[in-house]
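**Q** how would this look folded up:
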Amino acid sequence: MSSGSYIGKTYIMDKYLKWIATGFLMIGAALNSLNIYPWGPIANLFGGMTWLIVSIMWREAALITTNIVLATITFIGLIYTYTH
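**A** I've put the predicted structure just below:
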């Protein structure tokens, strides 16, 4: 479902959330490429979790699955790094 196919509070909320999430992902990618750790993965985690919220609002199974997996992998990587 396209975010532009309905009107209301959900449309306004997801309109901003998807761009906030995209911004976090771009910042996270830039920080990762500059080897700025842990801020890169943390920014990616916030972006992925925000996109997960949007994908749940849209009821998009592929996006929900992708963002759950990516956020989980990032979270586990951060936990592993700081416990070993």
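**Q** What strand or helix carries the residue nearest to I56 when sequence neighbours are not counted?
**A** Spatial nearest neighbour of I56, excluding adjacent residues (C-beta to C-beta, 6 or more residues apart in numbering): I64 at 6.1 Å. Placement of C-beta: from N, CA and C, glycine included. Per DSSP states H and E, I64 falls inside helix 61-83.
**Q** Now do that helix: distance to the chain's middle.
**A** Helix 61-83 sits 10 Å away from the centroid of its parent chain (C-alpha atoms, centre = their mean, to the nearest Å).
**Q** Outside of it itself, list whatever touches it.
**A** Contact partners of helix 61-83, identified using C-beta atoms under 8 Å, 6 or more residues apart in numbering, comprise 37-38, 41-42, 44-45, 48-49, 51-52, 54-56.
**Q** Can you tell me which of those residues end up in helices?
**A** Among the contacts of helix 61-83, the members falling in helices (DSSP state H) are 41-42, 44-45, 48-49, 51-52, 54-56.
**Q** what's the strand or helix carrying T10 packed up against?
**A** Assigned by DSSP H and E, T10 belongs to helix 9-33. Packing partners of helix 9-33 (3 or more C-beta pairs under 8 Å, 6 or more residues apart in numbering; DSSP states H and E): helix 39-58.
**Q** Tell me what angle the helix it packs on forms with helix 61-83.
**A** If you take axes from the mean of the first three to the mean of the last three C-alpha atoms, to 10 degrees, helix 39-58 sits at 150 degrees to helix 61-83.
**Q** In helix 39-58, which residues are buried?
**A** Within helix 39-58, the residues scored as buried using 16 or more other C-beta atoms under 10 Å are 40-55, 57-58.
**Q** Could you export the ones in helices among the contacts of helix 61-83 as JSON lines, including distance to I79 and pLDDT?
**A** As requested, the ones in helices among the contacts of helix 61-83 are exported to JSON lines (distance: C-beta to C-beta, whole Å; pLDDT from 0 to 100):
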{"residue": "P41", "distance to I79": "11", "pLDDT": "96"}
{"residue": "I42", "distance to I79": "12", "pLDDT": "97"}
{"residue": "N44", "distance to I79": "15", "pLDDT": "97"}
{"residue": "L45", "distance to I79": "11", "pLDDT": "97"}
{"residue": "G48", "distance to I79": "15", "pLDDT": "96"}
{"residue": "M49", "distance to I79": "15", "pLDDT": "97"}
{"residue": "W51", "distance to I79": "21", "pLDDT": "97"}
{"residue": "L52", "distance to I79": "18", "pLDDT": "97"}
{"residue": "V54", "distance to I79": "25", "pLDDT": "96"}
{"residue": "S55", "distance to I79": "24", "pLDDT": "96"}
{"residue": "I56", "distance to I79": "24", "pLDDT": "95"}
